[in-house]
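Asks: got a predicted model here, sequence first, then my questions.
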Amino acid sequence: MGESIAFESRVRHEHRRSLERLLFFNGCQNRVLHGIVAAIERYGPPEIVADGEFLRVRVAKQPDVQTLFAIDALSGRPIGVAVYLRADLEHVTVLHLGISEEYCAGGPQAATRLPLRLMRELRRSSRRLKGVRRLHVLYGGPRLRNLA
């Protein structure tokens, strides 16, 4: 299964419903609800916007956010998303994180450890930015916060 997950900075327009489920209608959100509410109050809610034939996520109060998607390589469907920004010269902050329910802890694909893989990919790409030393996750379990 590991080979069938790709990491991309954009997702095709036809996968809008899957992206909406990840960000807004995700059954795993109740596990980190307080963190989600705090992130939205501080930075604003995520919003899906069209960018040509692709979709991206923006946050009203943070125009410079970026997105990393975990994509099922066979279908092109997004199964994970991390919305992040470079908070300052040394820090990248993950504002929002969505993992498809089947990949969450207790789901049938939990063994893929998608949340950790998504954060490791984000950390790997952040290291290429000059000066970035830490990855900070606003909410999530202790394993995700300690990964940074």
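Replies: Perfect, thanks for sending it. Numbers count the residues shown, from 1 in each chain.
Asks: hmm, V132 is touching S126, no?
Replies: Yes - using Cβ atoms under 8 Å, V132 makes contact with S126 at a distance of 4.9 Å. C-beta: built from backbone N, CA, C; applies to glycine.
Asks: what touches both of those two?
Replies: V92 (Cβ atoms under 8 Å, 6 or more residues apart in numbering).
Asks: can you show me the helices along this structure?
Replies: Ranges of helices in the chain, per DSSP state H, are 16-23, 33-43, 114-126, 142-147.
Asks: would you mind giving me the confidence score for L147?
Replies: L147 carries a pLDDT value of 46.
Asks: check Y84 too.
Replies: 92.
Asks: how about G35?
Replies: G35 is assigned 85 on the pLDDT scale.
Asks: would you mind measuring from it to G80?
Replies: Relative to G80, G35 is positioned 17 Å away (Cβ to Cβ, to the nearest Å).
Asks: was I right to think Y43 contacts R58?
Replies: No - here Y43 does not reach R58: they are 11.0 Å apart, not a contact under Cβ under 8 Å.
Asks: anything in contact with each of these two?
Replies: Contacts common to Y43 and R58, judged by Cβ under 8 Å, 6+ apart, are absent.
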